[in-house]
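> need coordinates for the following:
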Amino acid sequence: MLELTAALGLALVLEGAAYALFPRQMKRLVALLVTQREAFVRFVGLGAALFGLILVILAKGMP
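Numbers count the residues shown, from 1 in each chain. Below you'll find the model as predicted:
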């Protein structure tokens, strides 16, 4: 449970840093996201989740 909390915290740090460092670009990204088809958004989200899972698996396998 500690690792899950740490991973969630790291995700929030990265997300918050993106909005803090690049607010104009993030607003444009969100506006663009709203105009996309739901299937495309779902596909991109699933791809990001799978990529994240692969990174976690690789990180856990490293000594």
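
> ok, residue 31 - contacts?
Applying C-beta atoms under 8 Å, 6 or more residues apart in numbering to residue 31 gives no contacts. Heads up, the C-betas are built off the backbone N, CA and C, glycines and all.

> low-confidence stretches in this structure?
63 (pLDDT under 70).

> hmm, who's touching the helix ranked longest in the chain?
Assignment by DSSP state H gives helix 38-61 as the longest helix of the chain. For helix 38-61, contacts defined as C-beta under 8 Å, 6+ apart pick out 7, 33.

> any idea how far that helix is from the chain center?
Centroid displacement of helix 38-61 relative to its chain, using C-alpha atoms, centre = their mean, to the nearest Å, is 8 Å.

> buried set for that helix?
Using 16 or more other C-beta atoms under 10 Å as the test for burial, helix 38-61 gives no buried residues.

> check stretch 10-17 too.
Buried-residue list, stretch 10-17, by 16+ other C-beta under 10 Å: empty.

> and that stretch, how far out from the chain's middle?
9 Å.

> might you report the residue contacts of residue 33?
Residue 33 touches residue 41, counting by C-beta under 8 Å, 6+ apart.

> how near is it to residue 41?
6 Å (C-beta to C-beta, to the nearest Å).

> again, but for residue 14
20 Å.

> same thing with residue 56?
In this view, residue 56 and residue 41 are 23 Å apart by C-beta to C-beta.

> same question, residue 60
Residue 60 sits 29 Å away from residue 41, taking C-beta to C-beta as the criterion.
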